[in-house]
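> no FASTA, just this:
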């Protein structure tokens with residue numbers, strides 16, 4: 001499992017994948033990342049410290065991800081991140097959070113003491129697909145409401161049951177309402193949600209121009225950021 005990497009093609013930053021407590025929701029139908037969660041704080045903190053020790057601060061920007069939300073990261077690890085921000089002169093932090101924590105985002109900003117760019121796993125702005133198929137438990141009414149809280153949506157494309165029209169609309173909304181966005185091309189895992197290869201092929205041709213858009217990062221594989229397995 002790779003847990004430290006550098007992103008140098010767009011929006012240069014260091015990125016770390018940490019272990020944390022189980023996702024507070026943990027019922028998304030497509031997600032098996034929860035296998036990386038733990039309840040053994042001592043082991044998590046030890047592992048996380050070894051990962052955080054690799055941070056150099058060379059870009060002044062750090063992204064911290066885990067199999068859930070940043071609010072599930074052990075408190076000793078959060079304290080260590082805060083120390084590293086000062087030690088390595090980090091100017092901006094990237095965190096990810098589920099919609100259920102939308103009213104706690106400022107709490108983490110106040111604690112860390114630097115600007116935080118919050119990502120959110122929207123997957124799709126289409127309510128029926130997001131809730132009926134993916135079971136996201138993110139009951140926002142539209143993209144504008146998401147943008148009132150979060151800075152960067154993560155979309156997912158290439159799932160059976162999804163349509164070209166949904167994907168077009170999702171990307172249109174992301175570009176309209178947000179300064180940043182991530183598009184994840186779905187890869188089959190241990191869940192019952194399956195990849196639509198024909199839809200993926202279409203997306204890769206239709207939206208190849210996103211590779212040149214500085215606002216959008218497209219992950220064609222789960223490990224394109226250099227972390228995970």
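Nice, I can see it. Just so it is clear, the structure is predicted and the values come from calculations on it, not from any experiment.

> all helices in the protein, in order from the N-terminus.
The residue ranges that make up the helices of the chain, judged by DSSP state H, are 41-52, 75-87, 105-112, 127, 143-147, 164-177, 197-206.

> Which one of those lies nearest to residue 10?
helix 164-177 (14.9 Å; CB to CB). Where C-beta positions appear, they are placed from N, C-alpha and C, glycine not excepted.

> quick check: angle from the strand ranked longest in the chain to helix 164-177?
For the chain, the strand that runs over the most residues, judged by DSSP state E, is strand 116-123. Using axes from the mean of the first three to the mean of the last three CA atoms, to 10 degrees, the interaxial angle of strand 116-123 with respect to helix 164-177 works out to 160 degrees.

> what mean pLDDT would you report for strand 116-123?
Rounded to a whole number, the mean pLDDT of strand 116-123 is 98.

> Who does that strand pair with, and is each partner parallel or antiparallel?
Looking at strand 116-123 with DSSP bridges, its partner strands are strand 92-96 (parallel), strand 152-157 (parallel).

> about what we covered before: kindly state which of the helices of the chain is positioned closest to residue 156.
It is, among the helices of the chain and with distance given as CB to CB, helix 164-177, at 8.8 Å.

> Which strands or helices does the closest one pack on?
With contacts defined as 3 or more CB pairs under 8 Å, 6 or more residues apart in numbering; DSSP states H and E, the packing partners of helix 164-177 are helix 143-147, strand 152-157, strand 181-185, helix 197-206.

> Highest average neighbour count across the ones you listed: which stretch is it?
When neighbours are counted by mean count of other CB atoms under 10 Å, the highest per-stretch mean among the helices and strands packed on helix 164-177 falls to strand 152-157, a mean of 23.

> Which residues does that strand contact?
Counting contacts by CB atoms under 8 Å, 6 or more residues apart in numbering, the residues outside strand 152-157 that touch it are 30, 96, 117-124, 134, 143, 146, 167, 170-171, 174, 178-186, 199-200, 203.

> how far out from the middle of the chain is it?
Chain-centre distance of strand 152-157: 8 Å, with CA atoms, centre = their mean, to the nearest Å.

> can you state the direction angle for it and helix 197-206?
Angle, strand 152-157 to helix 197-206, by the same axes, to 10 degrees: 130 degrees.

> looking only at pLDDT, what's the mean for stretch 211-218?
The predicted confidence, averaged over stretch 211-218, sits at 96.

> What of stretch 175-188?
Stretch 175-188 shows a mean pLDDT of 97.

> Now tell me what touches the longest strand of the chain from outside.
Under the criterion CB under 8 Å, 6+ apart, residues 28, 30, 92-99, 105, 108-109, 130, 134, 136, 138, 146, 149-156, 170, 180, 182 lie in contact with strand 116-123.

> Pull out the buried residues from these.
A residue is treated as buried here by neighbour count (16 or more other CB atoms under 10 Å); on that basis the buried members of the contacts of strand 116-123 are 28, 30, 92-99, 105, 108, 130, 134, 136, 138, 146, 149-156, 170, 180, 182.

> sorry, back to before: redo the strands paired with strand 116-123 as TSV? Include mean pLDDT and distance to residue 57.
As requested, the strands paired with strand 116-123 are arranged in TSV below (pLDDT from 0 to 100; distance: least, CB to CB, whole Å):
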stretch	mean pLDDT	distance to residue 57
strand 92-96	98	11
strand 152-157	98	22
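
> Please produce JSON lines containing those, extended by distance to residue 86.
JSON lines is the format used below for those (distance: least, CB to CB, whole Å):
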{"stretch": "strand 92-96", "distance to residue 86": "12"}
{"stretch": "strand 152-157", "distance to residue 86": "25"}
